[in-house]
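Novice: With the sequence up front, the predicted model follows.
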Amino acid sequence: MSVLCKRCEVIRLNDAEHNGFVQVAKSGKTYLGFEFQESTGRLFLEYELKDSFPDLPVLSRSALEGCALCVLLKDEITKFRAQTWRSIHQQTNLFIHKLLYSMSHTRESDEVLHRCSLEALLVHFKLLHPTNPDDQSSHALRLDIQADPTGMRRLNQLKDVAFSIPNLPPISEHLRLPTRLIDVGLRGPGNQYEEPRLVVTSHYPLLRSKVGSNHYLALSYCWGPPEKASKQLKTETLTLKDRLHQIPFTEFPKAHQDAIKLSRALSIRYIWIDSLCIIQDDADDWGREAAQMGNVYANAYLTVCAAQGDSCLDGFLQRSGPSHVIDVPFTSSLDSAFSGTFSIFASSPTDDYVQTDIFEGANLSDCFNPNPPPPNPYRWTVGSRKPYEQDVNQCSWNGRGWTFQEFLLSPRILLFGKSMVHVCSGNVLIRSEDAMGNSSNEGPKYLLDSRHGNTKESEEQVLSDWQGLVRDYSRRSLTHSNDILPAVSALAKLWAGKVEGDYLAGVFSSNLHQDLLWAHEGMRTPGEFLNQIPEQYTAPSWSWASQSDSISWVWHAVTAFKPEFHLVESKVSPKGLDPYGRVKSGHLLLSTKIQKIPSTRLQRGSEFLGYIFPYKLVSEDGTPLAYVRFDWRSPNSEAPKDPDTGEECEDGPVDHILMVLISSKVTEEWYKRGGSLTYQDLLLGLLVLPTSTPGEYRRAGVFFTEASGQCGRAFWDQCSTREVKLV
């Protein structure tokens, strides 16, 4: 346990002194509660300390003597001073005048009226000018609290939280099991477990022997970069027989070992791990199992997300955490059965601080009160990121393509981050560690199903949600480029059940007039674009899945689209058994209008319509004809400059470009006023290049033009409709 000086001993909480009480729930379980003002939820501690900048001698002396809290306070207050040094005099005095615990509580009618959790230790301090007592400011520092992150009692409590999520259907005893699972083994004599082994679920009667016997964990984790992924434990054709007999625990990489430990601790007999439950060198087996990925995670009793570490070689149960952590033992004075340890730490030691005016005794929600604050506001100083945001947004796991649908499709999740364990459902945060108790959405929420109480949404909204999902998914990375469609196939299958039309390699036939209008953020030269021969075919050129870069879409949230073509034929040939997975070819046959690009003269532009169109196509007299974005150049890259004029001279195959009309739309009045557009009616389409096959074209970019302009409606009315084949 951490050493504390006499002054700091007050953080060793005495529940009897703070009006604690023991409550008995209807279930017979006992809980520890506190009487506190609901609006503030605070327990005040007797603490005062006076010190002075720049050296903070009092805190420094105590820190050198070993007091863990003084070390933490000195570091955090020094850091605060460094980030606000312009407003702090060199000889400023420090007065820490208040220490208090912030608590949260939940009302649970089927359990107890108040279920309390420690949230944070709040340190209130003042900075005073040594010669001018009126020159002072008040501040507060927040130090977060968590329970023992690896304590199995705590993990079981978090599991209970996961199974109390409202609007989720109960676990079915007749659910469809994965083809294979890992039996983690039973505990034997001497507290030793049997060695794990792979089992074929259809041949394993224990899975149907009693209620709950078919429960399994699903692991979501990173394989890691090639040099680490090569050390992954796999099932292959030659090792299948051995895996079915036994897999020595010591052979598992650390991420697998921790998942098995967790499964055993939670008394869940089986676990699904992709590298072992799919035969990795059998293309047919891989295709079949990849097609069932949605069921694997949707039917899992719990999904465990290893959002710590960057490969299978990294564990997730033991976390490094912040550099300074104070471990505080606690044994209730009212009932010694309540005992354990909690940790106090600065949750965001490397992040910038944010400051918000609040006043003494106020809730954080008061920061958003439109009424002016009362006099003498405090300055609330906290880390700029929430623990969940830190754990998820900055980890390798969250950047991998496969984990995207694994996370979204899982109804009950224990997510192990660097700082905390989080309970989630899909990408909705339910609780972090033992602190909050409130449900809060920390990220984009997609229309998955009714399990979170979603109301029925229009097809237009569902299709818009799909584009948002693809946009976020495209920002993730894949080791193998041809996994781009399989890694989102379970979500595609789910969406396909909600909309009319066919799913076509990442887009929907009923929404082609919008789905074709994507742009990627990658960097390449015209030569690289023209000569690109991917190692493995991933998708037709008109699909976003043909690119490995981040995707954006034409902004349509406040606009109405109308197709300017008729879909004559669409065909995508799957490469394997999954109609939503890998493809080997595909084409669209459109009845529409196609025109040779009316000019090859380009000027730099920056028109924004969901993404930047970096060029204006102009006539000889400089009149804008259309706004274009080529697939071979990012908005921030520059074409070679003309040696005479110094202007950019596009060296791509502009003179071979044709324009295919796809959509028209009406923008909102506010958007028209915000840009250089003079009219609201727009025409949009694809830039294409002919292939070696007559009448066949590949995508080369996107364009839009004002309907009333020189390249507008009158321009397109000059040509007749014909069939255009896009590959």
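Specialist: Nice, I can see it. Numbers count the residues shown, from 1 in each chain.
Novice: Would you agree Ala700 falls within a helix?
Specialist: No. Applying DSSP: H, G, I helix; E, B strand; the rest coil, one finds Ala700 to be strand, outside a helix.
Novice: and the gap between it and Phe529?
Specialist: With distances taken as C-beta to C-beta, to the nearest Å, Ala700 is found 8 Å from Phe529. To be clear about C-beta, it is placed using only N, CA and C from the backbone, and glycine gets the same treatment.
Novice: again, but for Arg698
Specialist: Taking C-beta to C-beta, one finds Arg698 at 10 Å from Phe529.
Novice: quick one on the thing from earlier: shared neighbours of Ala700 and Phe529, anything?
Specialist: Both Ala700 and Phe529 are contacted by Phe630, Asp631, Trp632, under the criterion C-beta atoms under 8 Å, 6 or more residues apart in numbering.
Novice: contacting residues for the last one?
Specialist: This means Trp632. Arg524, Thr525, Pro526, Glu528, Phe529, Leu530, Gly652, Ala700, Gly701.
Novice: Which of the residues you listed fall in helices?
Specialist: Within the contacts of Trp632, residues falling in helices by DSSP state H are Pro526, Glu528, Phe529, Leu530.
Novice: confidence score at the third one?
Specialist: With respect to pLDDT, Phe529 has a value of 75.
Novice: okay but it is in contact with Gly652, surely?
Specialist: Yes. Under the criterion of C-beta atoms under 8 Å, Phe529 makes contact with Gly652 at 7.4 Å.
Novice: Compare those two and say which one has the larger neighbour count.
Specialist: Using other C-beta atoms under 10 Å as the criterion, Phe529 and Gly652 rank with Gly652 on top: 21 against 18.
Novice: What separation is there between that one and Phe704?
Specialist: In terms of C-beta to C-beta, Gly652 sits 19 Å off from Phe704.
Novice: Count residues in the vicinity of Thr691, would you?
Specialist: Neighbours of Thr691 (other C-beta under 10 Å): 14.
Novice: For Glu723, see how far away it is.
Specialist: 15 Å.
Novice: Name the nearest residue to Arg243, sequence neighbours excluded.
Specialist: Leu198 (4.1 Å; C-beta to C-beta, 6 or more residues apart in numbering).
Novice: Please look at that neighbour and Ile182 and confirm they touch.
Specialist: Yes. Between Leu198 and Ile182 a contact is recorded at 5.8 Å, counting by C-beta under 8 Å.
Novice: Which residues are in contact with each of these two?
Specialist: Counting by C-beta under 8 Å, 6+ apart, the common neighbours of Leu198 and Ile182 are Ile247, Leu276, Cys277.
Novice: and which of those residues is nearest Leu429?
Specialist: Minimum distance to Leu429 across the shared contacts of Leu198 and Ile182 is 28.2 Å, recorded for Cys277 (C-beta to C-beta).
Novice: Need the residues touching each of Phe529 and Gly652.
Specialist: With contacts defined as C-beta under 8 Å, 6+ apart, the residues shared by Phe529 and Gly652 are Phe630, Trp632.
Novice: Name the SS class of Asp465, please.
Specialist: Relying on three-state DSSP, one would call Asp465 helix.
Novice: What is the burial count for it?
Specialist: Using other C-beta under 10 Å, Asp465 is surrounded by 18 other residues.
Novice: what pLDDT does it get?
Specialist: We have a pLDDT of 90 for Asp465.
Novice: Look up how far Ser458 lies from it.
Specialist: Going from Asp465 to Ser458 by C-beta to C-beta gives 10 Å.
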